[in-house]
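> below are the sequence and a predicted model; questions follow.
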Amino acid sequence: MDTHKQVDRQAYTVCVTERLQESLRRRDVFVPRRARWGDPRVKLLQGAPWEAMRPQVCRALGHPDTAEPALQALTHQLNAAYQRTVANFPTNAAIRVEQVKGRDTLTLTGLDKLQEPPSLLTLRAQVLARLPRVDLPEVLLEIHARTGFAHAFTHISASDARVADLPVSLCAVLLAEACNIGLEPVVRADVPALTRERLSWVQQNSIRAETLSRANARLVDTQRTLALAQAWGGGEVASADGLRFVVPMRTIHAGPNRKYSNASRGVTYDNFTSDQCTGFHGIVIPGTLRDSMFILDGLLEQQTSLRPTEVMADTAGTSALVFGLFWLLGYQCSPRLADIGEARFWRLDTTADYGVLNGIARHRIHTALITRHWDDLLRVAGFLHQGTVSASELLRSILRSKRPSTLARAISALGRIPKTLYMLAYIDDEHYRRRILTQLHRGEGRHSVAQAVFHGQRGELRQRYREGQEDQLGTLGLVVNVLVLWNTLYMEAALKQRRTEGLAEDAADVARLSPLGHRHLNFQGRYSFALAESVAQGALRPLRHPSDSSDEEEWETRLA
């Protein structure tokens, strides 16, 4: 027998086993009824049920039944974007093409700090000087009197709790959780609504994810009706950013995150901020997972009346896979790019002349993979849209291996088109870059307020289990929204008062005001849950006079 035709059985077995293991990791081969190695597409309809639903999915998401019309439209958009960027290139002082190791590379100059005109500085100082100084318990009760948000906290048994002053008890528990101080500082044995037994009962039976979500929706929807909030934005733009919390307890629900210099175990609270400065959703992420995997979850799962279509994020959200899923679902991903020089620009038309960008647009998108898997792409988008499967679950499943599955490669191939469209707009339009930065600053402003509120126990999250972490950080997000709404209401009142005094303001200056200040709010030491009768009936408390500084020293001492 010819020895060259013999098969080494042991080597063959090792080879097949290795290939099988790699295929399992890539999600090209699946183990039935297994969470870790199962097919993520089993939750998606197949066969006749899918064919019946397919036209509905295409209409809902605005996609054609086949890939060719979509690719033709994208080719036209991409060519137009390249030509527009090339035409503006001679007058675009922020960008230049340089040779690095024999290849063309883009260099983008950072944005200069946007100067604040004297009129804005004056307006901001005068508005803030009129805001009343108030303790956090009164803010909670006052906003409940206006919105009834505490009524969203129903008993876990789904029955109406018939106890007196229940909103007072709820606000006390919310404060204790959000400030991370525990129940002890708010317990009052002489007040029936604030006894330890009442507060423990409320904490155990009413504070949970679904009630927090309902209460938060009331606050966000109320903010949306205010004229001042509408001057900041219409709710179509949002940002997603993570706030890190150290978890000193030994738990599997926390871990280190290389994104942060602090190597302590913890979680990331990924929160979503609208252009009206409200937080409309939040997700607790273990320390070892990337924030970008959860951005779509926040958009698809949130229960407010806001319908954001564009999301700003940090550089971590720039993968082609994320762009592909965003485009399939009708969203625009607009991350802040740390280094445009390392980004790849892609083209569909290999014969197109893009002038000075020809050397940049050297990567070609292979559309055959998109065309072949168009049906799978529609199924994934349709069932993400309907909530049958979560985006983070899908991403974690198809990204387990360093070698992506065919489904992941198809989504990424598609995503390179909207990603290139975004990068062309990013380098061509300074206003677009500044708009992204402005929205990200709003999210960072909310983080500053959240950190000031969450002051107890050194700002560490001491919940062992994920449900407890989610409930406590969800409470923190709710209380921050209460503060944002309270500030917006009183800033509106301050602006109206200025107008009655004959003082005018520029609309551009009003649009740059922010409800994320908190120097006039006290989070520490005084927890008296009582309201003046007029405020409890819905009236605003008196504004301060801008020249009144009689209690300035006392207030600063209290905040210190």
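That came through fine.
> what bits of this structure have low per-residue confidence?
1-5, 25-28, 33-45, 158-161, 257-263, 287-292, 316-317, 397-403, 549-560 (pLDDT under 70).
> distance check, Pro546 against His520.
Distance of Pro546 to His520, given as C-beta to C-beta, to the nearest Å: 13 Å. Backbone N, C-alpha and C define where each C-beta goes, glycine included.
> next SSE downstream of the helix or strand where Thr438 lies?
Assessed by DSSP states H and E, Thr438 sits inside helix 430-453. Of the helices and strands lying after helix 430-453 in sequence (DSSP H and E), the nearest is helix 466-500.
> what about the nearest residue to Asn92 once chain neighbours are set aside, how many residues nearby?
Of all residues not flanking Asn92 in the chain, Asp428 sits nearest, at 6.7 Å (C-beta to C-beta, 6 or more residues apart in numbering). Residues lying near Asp428 (other C-beta atoms under 10 Å) number 19.
> show me where the protein has strands.
95-100, 103-108, 134-135, 237-246, 266-274, 279-286, 310-313, 332-335, 346-347, 363-364, 521-522 (DSSP state E).
> run the angle between the helix holding Thr438 and strand 237-246 for me.
Per axes from the mean of the first three to the mean of the last three C-alpha atoms, to 10 degrees, the angle that helix 430-453 makes with strand 237-246 is 40 degrees.
> run through the neighbouring helices and strands of helix 430-453.
strand 237-246, strand 266-274, strand 310-313, strand 332-335, helix 406-428, helix 466-500 (3 or more C-beta pairs under 8 Å, 6 or more residues apart in numbering; DSSP states H and E).
> which ones are touching the nearest residue to His373 once chain neighbours are set aside?
Computed as C-beta to C-beta, 6+ apart, the closest residue to His373 that is not its neighbour in sequence is Ala410, at 3.9 Å. Listed by C-beta atoms under 8 Å, 6 or more residues apart in numbering, the contact set of Ala410 reads 369-370, 372-373, 376-377.
> looking at the strands of the chain, which is closest to His441?
With C-beta to C-beta as the measure, strand 237-246 is the member of the strands of the chain nearest His441 (8.8 Å).
> among the contacts of Ala410, which are in helices?
Counting by DSSP state H, the part of those found in helices is 369-370, 372, 376-377.
> now a ChimeraX select for only the buried ones of those residues.
Here is the ChimeraX command that selects the buried residues among the ones in helices among the contacts of Ala410 (16 or more other C-beta atoms under 10 Å):
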select :369,370,377
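> closest to Gly182 out of the ones in helices among the contacts of Ala410?
Using C-beta to C-beta, Leu377 comes nearest to Gly182 of these, at 49.2 Å.
> touching, that closest one and Ser412? I think so.
No: counting by C-beta atoms under 8 Å, Leu377 stays clear of Ser412, with 11.2 Å between them.
> okay, and the common contacts of the two?
Residues touching both Leu377 and Ser412 by C-beta under 8 Å, 6+ apart: Gly324.
> and the residue nearest to His373, how far is that from Ile370?
For Ala410 relative to Ile370 (C-beta to C-beta), the value is 6 Å.
> now do the shared contacts for those two.
Contact criterion C-beta under 8 Å, 6+ apart; residues shared by Ala410 and Ile370: Leu377.
> what sits against Val29?
Neighbours of Val29 in contact, by C-beta under 8 Å, 6+ apart: 20, 23.
> I figured Asp241 was touching His447, is that so?
Yes: under the criterion of C-beta under 8 Å, Asp241 makes contact with His447 at 7.2 Å.
> same drill for those two, tell me which one is more crowded.
Legend: neighbour count by other C-beta under 10 Å for Asp241 and His447, higher for Asp241 (24 against 19).
> what sits against the more buried one?
So Asp241 contacts 270-271, 273, 291, 313-314, 440, 443-444, 447 (C-beta under 8 Å, 6+ apart).
> and which of the residues you listed is nearest Leu421?
For these, the nearest to Leu421 is Ala313 (16.6 Å; C-beta to C-beta).
> number of residues surrounding that closest one?
Quick note: Ala313 (other C-beta under 10 Å) scores 26 neighbours.
> please apply the same query to Ala536.
13.
> for it, give its distance to Ala530.
9 Å.
> and for these two, which residues touch both?
Leu141.
> returning to what we had before: mean neighbour count, the helices and strands packed on helix 430-453: which tops it?
Mean neighbour count (mean count of other C-beta atoms under 10 Å) peaks for strand 266-274 among the helices and strands packed on helix 430-453, with a mean of 26.
> now the angle from that one to helix 466-500?
Using the same axes, to 10 degrees: strand 266-274 against helix 466-500 is 40 degrees.
> gap between the residue nearest to His373 and Trp327?
Taking C-beta to C-beta as the measure, Ala410 falls 13 Å from Trp327.
> quick one, helices of the stretch 151-300 of the chain?
For the stretch 151-300 of the chain, applying DSSP state H, counting those that start in this stretch gives helices covering 166-178, 196-206, 209-224, 227-232, 295-301.
> so for Arg526, which of the ones you listed sits nearest?
Using C-beta to C-beta, these put helix 166-178 closest to Arg526, at 11.1 Å.
> neighbouring contacts of the closest one?
Contacts of helix 166-178 (C-beta under 8 Å, 6+ apart): 136-137, 140-141, 144, 150-151, 153, 163, 182-183, 185-186, 193-194, 198-199, 202-203, 206-207, 453-454, 471-472, 475-476, 478-480, 527, 529.
> mind listing what the residue nearest to Ala494 when sequence neighbours are not counted touches?
Among residues not flanking Ala494 along the chain, Arg130 sits closest, at 4.0 Å (C-beta to C-beta, 6+ apart). Taking C-beta under 8 Å, 6+ apart, we find Arg130 in contact with 490, 493-494, 497, 543-546.
> hang on, Ala436 packs against Val311?
Careful, residue 436 is Ile and not Ala. No: under the criterion of C-beta under 8 Å, Ile436 is not in contact with Val311, lying 10.1 Å apart.
> which neighbours do the two share?
With C-beta under 8 Å, 6+ apart, Ile436 and Val311 have common neighbours Ser334.
> quick check: the closest residue in space to Arg526 that isn't next to it in sequence vs Arg544, distance?
Distances taken as C-beta to C-beta, 6+ apart put Asp135 closest to Arg526, at 4.9 Å, once the chain neighbours are dropped. Counting by C-beta to C-beta, the separation of Asp135 from Arg544 is 15 Å.
> Tyr331 too?
Using C-beta to C-beta, Tyr331 is found at 42 Å from Arg544.
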